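Novice: Let me see the structure of the following:
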Amino acid sequence: MKYSFNVREIQSLLNGFMCIFKPRDVSILAIEKLLMRRICEQANCLDPCRPLPTIEMPIVEAHPKSGALVVVGRKKQIDYSKHPLMVGQMFRPEDMRIEALNYLEPSCSGVCVFGLNDGCDQLEKVRDRAWLNEYILEGELGRETVDHQIRGKVSSREKFDHVTLHKMNCVLSMIRMQFKKTSFEFANVEMESQEAFELARRGAPRPKVLGSPLIFDIDLVHFRSPNFKINVQITGEQCPFMRKLVHEIGCCLHTMASPRRIRRVREGCFGLEHALLDKHFHLESILKNVMMSTKMVNNNLARQSTDVIEVKSEQELEEERQMVDKFRLRDKWTEQLVDEVAEDNMKLPWGREYTFVS
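Specialist: Have a look, this model is predicted:
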């Protein structure tokens, strides 16, 4: 076997955090089931075939004269109470826990952090840190869908010829300034106080009211009417809010807008370079990702929480990128496993069935 882990090490390593890239049109539940199934299937293959224990059973025969049952000896036989067909395999999906840090809808894609087994108990501590997440939103002007769904039915249309690049930037600046003011309210700080001045001088105040969406920065990445792409740095968000944000941008431009794509490119200290793809769901890659992600989260929790959200320096970002090379998440062995399976470029989220006609 190519793996360098034994069964005891696997049991101890499957506790902590994981960073996975969730593809589009795949639910979080499907990713969790696939991950648990891959872990259990490959970990059970490493379980050595241990000899089954034996027990002594009495040999009972009838007495030739009285007919009473008498123990005449003992024999050894297999203890079937310890047989794998009775107790089951060592690794089973129902014995493992997995939970996402921030939920993503099936229509969205991007970086997802999961708590694995004992790591699920620390998710609340991570949520209290109010991590700053980064999204890429793609929208289309002039159309509105039911409930602002990405693939929803178009409910109405409106003209968008008057929308220009300058107007789009003005709307985004207005949103940025509005949430800048809201950030001090979420931090329970008076706008005209000395404390507010000190916080503004050091950076963006960290929200104390958790669970409420708060935008720290929003920039226009691409604009070619009717399509546009924006970069959003936000905390406390949910997917419905991100879809509604695209709709509100259209309303501010005196037209309509609907989301076309929502992609999370960074979740806290995790970026796209740390995320594990579904085609790399092999036991060795999974364990390395768990070790890397757990170390990054523990380092983040060990830092003293401040009143401001500090922007990371280039040196800190480079150290996070080097984590991928340090734990060797991409090597020849994992790439060879991927190359053995032909990739289906026409993959459908609901599966595919072929009917052969002779």
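Novice: from here on, contacts and neighbour counts on C-alpha atoms
Specialist: Noted.
Novice: quick one: contacts for Leu132?
Specialist: Leu132 makes contacts with Gln233, Ile234, Thr235, Glu267, Gly268, as judged by Cα atoms under 8 Å, 6 or more residues apart in numbering.
Novice: Check whether the third one really touches Arg129, as I assumed.
Specialist: Which is Thr235. No: at 10.0 Å, Thr235 does not count as touching Arg129 under the criterion of Cα atoms under 8 Å.
Novice: Between these two, point out the one with more neighbours.
Specialist: Higher neighbour count among Thr235 and Arg129: Thr235, with 23 against 18, using other Cα atoms under 10 Å.
Novice: Identify the bridge partners of that one.
Specialist: According to DSSP bridges, the partner residues bridging Thr235 are Leu214.
Novice: where do the strands sit along the stretch 101-250 of the chain?
Specialist: Shown for the stretch 101-250 of the chain, the strands assigned by DSSP state E, counting those that start in this stretch span residues 109-116, 133-141, 143-145, 154-157, 204-205, 214-224, 227-235.
Novice: that older thread, reformat the contacts of Leu132 as a markdown table; add distance to Cys19 and pLDDT.
Specialist: Listed next are the contacts of Leu132 as a markdown table, based on distance: Cα to Cα, whole Å; pLDDT from 0 to 100:
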| residue | distance to Cys19 | pLDDT |
| --- | --- | --- |
| Gln233 | 19 | 93 |
| Ile234 | 19 | 91 |
| Thr235 | 18 | 90 |
| Glu267 | 9 | 92 |
| Gly268 | 11 | 88 |
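Novice: Make a markdown table out of those and add distance to Lys125.
Specialist: Shown next, in a markdown table, are those (distance: Cα to Cα, whole Å):
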| residue | distance to Lys125 |
| --- | --- |
| Gln233 | 21 |
| Ile234 | 19 |
| Thr235 | 15 |
| Glu267 | 15 |
| Gly268 | 13 |
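Novice: coming back round to it: out of the strands of the stretch 101-250 of the chain, flag the one nearest Leu283.
Specialist: strand 109-116 (14.2 Å; Cα to Cα).
Novice: So which residues make contact with the closest one?
Specialist: 14-25, 96-104, 120-123, 262-267, 270-272, 275.
Novice: gap between Asn169 and Arg176?
Specialist: 10 Å (Cα to Cα, to the nearest Å).
Novice: between the two, who's got more neighbours?
Specialist: Shown here are Asn169 and Arg176; by other Cα under 10 Å, Arg176 has more neighbours (19 against 15).
Novice: Could you tell me what pLDDT the model assigned to that one?
Specialist: As predicted, Arg176 sits at a pLDDT of 90.
Novice: ok, it touching Phe216?
Specialist: Yes: if you go by Cα under 8 Å, Arg176 and Phe216 touch, sitting 7.0 Å apart.
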